[in-house]
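A.B. asks: Show me the folded form of this:
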Amino acid sequence: MPRDPRDRCVVDWEDRYGTTVSGNLPQYKKNTCIEDTIDLVTIQAFAPWVNLSDFHYYHVKCPYSTATPWHYVLDTNPSSPTYWQSRDVANEAVEHTATSGIMIKHVMGSKNGWLCVDPQCPCFLGTVSGSYSGVRYFYY
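C.D. replies: Residues are numbered from 1 along each chain as shown. The predicted model follows:
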């Protein structure tokens, strides 16, 4: 026998459509919008060519950011004894306040990869070992 259709009206909207545990209501929102995460004004002061649309790709985090769980980079300096070996840079990681550690999709010559455009990145500031001031971290 079918259920009484009036029983359905006894429960509230969230219970009826199953959004009390997860759903599309604002209180159950799991991820923030990229527009709320990125401080574009601060970024464009140092990199005026960066737009908000550059952040709308798969989110790769900078290894020099405290927002990422992995802090490994390849040593690409040919004169280094650890050339093409990964090294842990967790002790050099800082908080990326303008980008939350998110890098943008970027092309350098024939290399497609990810570029960190945060002005607080120690790679950009030249404070990490083997880096020069003003050179952004690029991962490909």
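A.B. asks: in this structure, which spans are strands?
C.D. replies: Secondary structure of the chain by DSSP state E: the strands cover 72-74, 86-88, 104-108, 111-115, 138-139.
A.B. asks: among those strands, which is nearest residue 43?
C.D. replies: Among the strands of the chain, strand 104-108 comes nearest to residue 43, with 9.2 Å by C-beta to C-beta. Any C-beta I mention is one placed from the backbone N, CA and C, and that applies to glycine too.
A.B. asks: List the buried residues in the closest one.
C.D. replies: For strand 104-108, the buried set under the neighbour-count rule, 16 or more other C-beta atoms under 10 Å, comprises 104, 106.
A.B. asks: Could you dump the strands of the chain into JSON lines and include mean pLDDT?
C.D. replies: Rendered in JSON lines, the data for the strands of the chain read as follows (pLDDT from 0 to 100):
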{"stretch": "strand 72-74", "mean pLDDT": "87"}
{"stretch": "strand 86-88", "mean pLDDT": "85"}
{"stretch": "strand 104-108", "mean pLDDT": "91"}
{"stretch": "strand 111-115", "mean pLDDT": "91"}
{"stretch": "strand 138-139", "mean pLDDT": "88"}
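A.B. asks: so can I have CSV of those showing distance to residue 130?
C.D. replies: As requested, these are exported to CSV (distance: least, C-beta to C-beta, whole Å):
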stretch, distance to residue 130
strand 72-74, 10
strand 86-88, 9
strand 104-108, 18
strand 111-115, 18
strand 138-139, 14
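A.B. asks: Low-confidence ranges, this protein, go.
C.D. replies: Counting by pLDDT under 70, the ranges of the chain that qualify are 1-32.
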